[in-house]
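Novice: quick one: sequence plus predicted model below, questions after.
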Amino acid sequence: MQIHVYEQVREVTPADFADYLDPASTAVISIDMHRGHLDDSPDCPCPAPRARDVVAPIDAFHRAARALAVPIVHVKSVLRPGGADDLAGIPAAWRRTFPLHVGAIPNADAHAIEGSRWTEWVTEVLPQDLRVENKRRLSAFYPTDLDFLLRNQRITTVVLDGGFTDCCVLNTAFDANNHNYRVIVLRDLVRGTDDHLEAAALSMVSLHLGLVMDSAALLAQWSVGSRAGR
């Protein structure tokens, strides 16, 4: 089985990571694949254009995961319209720091406002999927009920896709690890600020937090496990 360790492909024995590869105790966490990041309008309040390339591949992966009875949890940023949990209180740090790199973001104040079109899903969300729609900061675990939801479903491994790799995905991977979940990040189904930061984030995951894999490799292992369990 191939994994990626510090940007290098490594062959490992699946049995050594059997606890990571059991589809029966796994959920996929798809992070922030909503219009506020992915819309191609100039009004997009927090653009992540590199992630548009993974919308269709994420949908395809989720369909394959559903077929193996692996639950999909879609997580997105949603802020109260009055700004009590952001602009009208203590603003999220990225609002001040990220523009130092990318320049002013003209419509940033509209990012993730509850009820706006910017919180609409771009990836496919089916009725049987689970949703966490109150992510206020960078981690899918804070201040949401994701941990409660996963533990109630007896989930011990989380598979992360979505964006940004070096921001919300990385923060979620750290929090998942600190909550004692086994972590897998799908390198072909996440996108970061740029290639450099994406590679750095995935390297950190591979050394400290869990497995970095391609989605096809994970699906192959899940299929083996499903056949073995029949």
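Specialist: Received the coordinates, thanks.

Novice: pairing partners for the lengthiest strand in the chain, with directions?
Specialist: The single longest strand within the chain, with elements called by DSSP state E, is strand 182-191. Looking at strand 182-191 with DSSP bridges, its partner strands are strand 157-163 (parallel), strand 210-213 (parallel).

Novice: Phe17: which of those strands is closest?
Specialist: strand 210-213 (6.6 Å; Cβ to Cβ). C-beta coordinates here come from the backbone N, C-alpha and C atoms, glycine included.

Novice: contacts only, for Pro47.
Specialist: Shown in contact with Pro47 (Cβ atoms under 8 Å, 6 or more residues apart in numbering): His37, Asp39, Ile105.

Novice: derive a PyMOL selection command for the buried subset of those residues.
Specialist: With 16 or more other Cβ atoms under 10 Å as the criterion, this PyMOL line picks the buried residues out of the contacts of Pro47:
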select buried, resi 37+39+105
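
Novice: redo the strands paired with strand 182-191 as TSV? Include mean neighbour count, mean pLDDT and distance to Thr123.
Specialist: Formatted as TSV, the strands paired with strand 182-191 follow (neighbours: other Cβ atoms under 10 Å; pLDDT from 0 to 100; distance: least, Cβ to Cβ, whole Å):
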stretch	mean neighbour count	mean pLDDT	distance to Thr123
strand 157-163	27	98	8
strand 210-213	24	98	20
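
Novice: for Arg137, which of these is the nearest?
Specialist: Of the strands paired with strand 182-191, nearest to Arg137 by Cβ to Cβ is strand 157-163, at 15.1 Å.

Novice: buried residues in whatever helix or strand comes next after that closest one, which are they?
Specialist: Remark: after strand 157-163, the chain's next helix or strand is helix 170-178, criterion DSSP states H and E. For helix 170-178, the neighbour count (16+ other Cβ under 10 Å) marks Leu170, Asn171, Thr172, Ala173, Phe174, Asp175, Ala176, Asn177 as buried.

Novice: quick one, what contacts the fifth one?
Specialist: Okay, so that is Phe174. Residues near Phe174 by Cβ under 8 Å, 6+ apart: Ser139, Leu209.

Novice: what's the burial count for the residue nearest to Val54 when sequence neighbours are not counted?
Specialist: Leaving out its chain neighbours, the residue that sits closest to Val54 by Cβ to Cβ, 6 or more residues apart in numbering is Leu189, at 5.3 Å. Using other Cβ atoms under 10 Å, Leu189 has 28 neighbouring residues.

Novice: what pLDDT does Leu189 get?
Specialist: You'll see Leu189 listed with a pLDDT of 98.

Novice: quick check: it touching Phe61?
Specialist: Yes - the pair Leu189 / Phe61 is scored as a contact, 6.0 Å apart, by Cβ atoms under 8 Å.

Novice: what do those two both touch?
Specialist: What both Leu189 and Phe61 touch, as defined by Cβ under 8 Å, 6+ apart, is the set Asp161, Ser215.
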